[in-house]
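**Q** Fold the following for me, if possible:
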Amino acid sequence: MLLARRGWVLVAGLLVTAGVVAAPAVAATPGWTIAPSAGGGTRPAADDGRPYIYAEGTPGTVLEDKVAVTNPTGKALRVTLRGADADNSADGALGLREKARDTGAWIGFAAKSVKIPARTRAEVPFTVTVPAGAAPGDHPGAIVASGGGRDAGVSVRLRVSGPTLAALTVEHVHVKNGDSIAYDVVNRGNTTLTPRLAVRADGVFGSVLDRRTRTLPVELLPGRRVTLTEPWPGAPALDSVDVRVTVTAGGGAADSATTTARFVPWGVLGGALAVLAGAGCAAFWYVRRHRDRRGTT
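**A** Predicted coordinates:
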């Protein structure tokens, strides 16, 4: 966990563990990794516990921690480090903003460019300087390392102390292409939410869909909007249906929205109309032909 020290100044430096990372005897040597520092030792830090970096402090606080970069290869490796802001894509997937302006911009390193000897784990100190005017709540970010032709990162979950609010809205519910339900979920609070979804649809003769509450594979960050789709392969062929989408999350966040959809089998109806039109033309032709015969007799 990050430790808060007001006015703490990071002394530039790089701590390299004295131990050597043993290369596998038979298996191919894996690539380099980055993970939250777990203290001493020679194993990759990811094997020692912390899956991400958690930090909490009041506005104006300077927090400190370390990331560990492990180079198990037989050659020295140079990596560059930067801070980044986490973000949701339109479909809810987690990604990074192109330009940091929140947590990513508050992260500073002892050294942004680090050379790691072969078969060595290096621990790189960094700070998170929380601005005096930072809003309370969750500020998700990441530390990204680039080297050897690829990028890797560590999640930074920063919470600024103060009042928190869990709130969301469900918007723009509609039936899409007759076989799915699309809807928007907006995080209106200042905490990260894990949404839970329930869907119900009632037709003319009763319920046609009743999906109980389940957790969605989405981490909805504060202030973000995502557009999600719920498959509906068994939608009715002919009916008028009221659809209700309900989304809940921890902290009491909850909202519902509805829409009405009319299902008409246009293909079948079009075929029936074509048959009727054909029958009408045939009847017209038959009647006219008989009239013509009577006129000639």
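**Q** from here on, contacts and neighbour counts on C-alpha atoms
**A** Fine.
**Q** list the helices and strands the helix or strand harbouring Leu197 packs on?
**A** Here Leu197, judged by DSSP states H and E, is contained in strand 196-203. Secondary-structure packing of strand 196-203 (3 or more C-alpha pairs under 8 Å, 6 or more residues apart in numbering; DSSP states H and E): strand 206-215, strand 239-249.
**Q** mean confidence score for the first one?
**A** In other words, strand 206-215. On average, the pLDDT along strand 206-215 is 97.
**Q** Give me the contact list for it.
**A** 194-202, 235-236 (C-alpha atoms under 8 Å, 6 or more residues apart in numbering).
**Q** Dump the residues you listed to TSV, plus distance to Tyr54 and pLDDT.
**A** Formatted as TSV, the contacts of strand 206-215 follow (distance: C-alpha to C-alpha, whole Å; pLDDT from 0 to 100):
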residue	distance to Tyr54	pLDDT
Thr194	18	98
Pro195	21	98
Arg196	24	98
Leu197	28	98
Ala198	31	98
Val199	34	98
Arg200	38	97
Ala201	41	97
Asp202	44	97
Ala235	44	92
Pro236	48	93
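**Q** Of the residues you listed - the most surrounded one?
**A** Pro195 (23 neighbours; other C-alpha atoms under 10 Å).
**Q** Tell me how many other residues crowd Tyr183.
**A** Every residue meeting other C-alpha under 10 Å relative to Tyr183 is counted, giving 19.
**Q** quick one, what contacts the closest residue to it other than its chain neighbours?
**A** Nearest residue to Tyr183 in three dimensions, chain neighbours excluded: Val173, at 4.3 Å (C-alpha to C-alpha, 6 or more residues apart in numbering). Counting by C-alpha under 8 Å, 6+ apart, Val173 touches 181-184, 245, 257-259.
**Q** Which of those sits closest to Leu77?
**A** Asp184 (44.0 Å; C-alpha to C-alpha).
**Q** What helix or strand is the closest one located in?
**A** Per DSSP H and E: strand 180-187 holds Asp184.
**Q** mind checking how far that strand is from the chain centre?
**A** 13 Å (C-alpha atoms, centre = their mean, to the nearest Å).
**Q** On the secondary structure side, give me the element for the nearest residue to Ala90 once chain neighbours are set aside.
**A** In this structure, Ala90 finds its nearest non-sequential neighbour in Val226, 4.9 Å apart by C-alpha to C-alpha, 6+ apart. Here Val226 sits within strand 225-231, counting by DSSP H and E.
**Q** and that strand, C-alpha only, in CSV?
**A** Taking Å, rounded to 0.1, in the frame of the first residue of the first chain, the C-alpha atoms of strand 225-231 are listed here in CSV:
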residue,chain,number,x,y,z
ARG,A,225,-21.0,6.1,-20.1
VAL,A,226,-21.0,2.7,-21.7
THR,A,227,-23.4,1.2,-24.3
LEU,A,228,-24.2,-2.5,-23.6
THR,A,229,-26.2,-5.1,-25.5
GLU,A,230,-28.2,-8.0,-24.0
PRO,A,231,-28.8,-10.9,-26.5
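**Q** what comes up buried for the strand holding Asp184?
**A** 181-187 (16 or more other C-alpha atoms under 10 Å).
**Q** which two in these are spaced the farthest apart?
**A** Ile181 and Asn187 (19.6 Å).
**Q** picking up where we left off before, can you redo the contacts of Val173 as JSON lines with pLDDT and distance to Pro125?
**A** Converted to JSON lines, the contacts of Val173 look like this (pLDDT from 0 to 100; distance: C-alpha to C-alpha, whole Å):
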{"residue": "Ile181", "pLDDT": "98", "distance to Pro125": "47"}
{"residue": "Ala182", "pLDDT": "98", "distance to Pro125": "45"}
{"residue": "Tyr183", "pLDDT": "98", "distance to Pro125": "43"}
{"residue": "Asp184", "pLDDT": "98", "distance to Pro125": "40"}
{"residue": "Val245", "pLDDT": "98", "distance to Pro125": "46"}
{"residue": "Ala257", "pLDDT": "98", "distance to Pro125": "47"}
{"residue": "Thr258", "pLDDT": "98", "distance to Pro125": "50"}
{"residue": "Thr259", "pLDDT": "97", "distance to Pro125": "52"}
